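# My questions concern the predicted model and sequence given below.
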Amino acid sequence: MNAFLIAGNWKMNGSGVSSHSLASQIISDIEKTPSLTDTCDFLCCPPHIYLLNIVGLADNSPLLVGGQDCSTETEGAFTGDISAPMLADCGAQYCIVGHSERRTIHGETSQQIAKKGECLKESGIKAIICVGETITERKAGKALDVIKEQLKTSIPSGFNAQDFIVAYEPVWAIGSGEAASPEDVAEMHRDIRNILKEMVDKGDTIRILYGGSVKPDNAGELAGIENVGGFLIGGASLKADSFLGIAKAAHDVLS
Ligand code: 13P
């Protein structure tokens, strides 16, 4: 069975110096408590411009490194974009796609996200496909319909279970300080599991991460929920203390 994935999405934060020191601190803290790796895998997704540095630092350490997004194309005249082969070339093993900040701020569609997923698969990178409903959709009782539609359209049709991870990030819980309730997480993760089982062979083996205001003090309860296979952490991943605090809370529940 997969270990529990503790993944940090650093978003557009930090500098060359601060990202180097954050990654070094995370690696040294994991190495100080090696039993954490019995239950948890660790991933950080720094801004692309710092990726190569962090990959160098994380070499031969328990910290995996990933991208935050990639282009729908593999090369050519796409100013400012970063392709999946480039991420692979830099040593990324995972890449987030379809984060709500990309869907909302950049108007990305599920079809584009599926295309990015295909590029990642071709480059040997595991896609972390994000889905999540807005508060308006939840209040209207449409959360499950929205998630189902996002899963059906964002997961490429040629994907197998080993090609991807799903991250359920309710938009209203991101950066709000208020995580979804354990009951809501349990219900949505169970529904996502059932949809994945219908869509993909071995869908019961796919990790489903929860993201949205995960902190050391709610991590234990959330980690114990069935079908929660890890966390995608924003704000609390920017400090080694809180990132490791989340891992320790999950470890205590899972070990
Ligand atoms: P926060 O943990 O800051 O709520 O962010 C979650 C997120 O967007 C991770 O991708």
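Alright, I've got the coordinates.
# who's in contact with whatever residue of the stretch 1-150 of the chain ends up closest to the ligand?
Nearest residue of the stretch 1-150 of the chain to the ligand, counting by Cβ to the nearest ligand atom: Asn9, 3.7 Å away. Backbone N, C-alpha and C define where each C-beta goes, glycine included. Residues near Asn9 by Cβ atoms under 8 Å, 6 or more residues apart in numbering: Cys45, Gln68, Ile96, His99, Gly211, Leu232, Ile233, Gly234, Ser237.
# Report the beta-bridge partners for the nearest residue to the third one once chain neighbours are set aside.
Taking Cβ to Cβ, 6 or more residues apart in numbering as the measure, Ile96 lies nearest to Ile128, with 4.6 Å between them; neighbours along the chain are not counted. Using DSSP bridges, the beta-bridge partners of Ile128 come out as Ile96, Ile165.
# Disregarding residues adjacent in the polypeptide, which is nearest to Pro182?
Glu221 (5.5 Å).
# does the one you found sit in a helix or strand, and which one?
Assigned by DSSP states H and E, Glu221 falls within helix 216-223.
# can you map out the helices along the stretch 151-255 of the chain?
Using DSSP state H, counting those that start in this stretch, the helices of the stretch 151-255 of the chain run over 182-199, 216-223, 240-254.
# elements contacting the shortest one?
This points to helix 216-223. helix 182-199, strand 230-233, helix 240-254 (3 or more Cβ pairs under 8 Å, 6 or more residues apart in numbering; DSSP states H and E).
# Can you show me the CA trace of that helix as CSV?
Extracted in CSV, the C-alpha atoms of helix 216-223 (Å, rounded to 0.1, in the frame of the first residue of the first chain):
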residue,chain,number,x,y,z
PRO,A,216,-0.5,20.4,12.6
ASP,A,217,-3.6,20.6,14.9
ASN,A,218,-6.1,19.2,12.4
ALA,A,219,-3.8,16.8,10.5
GLY,A,220,-4.2,13.9,12.9
GLU,A,221,-8.0,13.8,12.6
LEU,A,222,-8.0,14.3,8.9
ALA,A,223,-5.2,11.7,8.3
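# Would you mark the buried spots in that helix?
Buried residues in helix 216-223, counted by 16 or more other Cβ atoms under 10 Å: Pro216, Asn218, Ala219, Gly220, Leu222, Ala223.
# And for the longest one?
Of the residues in helix 182-199, those buried under the neighbour-count criterion (16+ other Cβ under 10 Å) are Val185, Ala186, Glu187, Met188, His189, Asp191, Ile192, Arg193, Ile195, Leu196, Met199.
# same check, this time on the last one
Neighbour counts using 16+ other Cβ under 10 Å place Ala240, Ser242, Phe243, Leu244, Gly245, Ile246, Ala247, Lys248, Ala249, Ala250, His251 of helix 240-254 among the buried residues.
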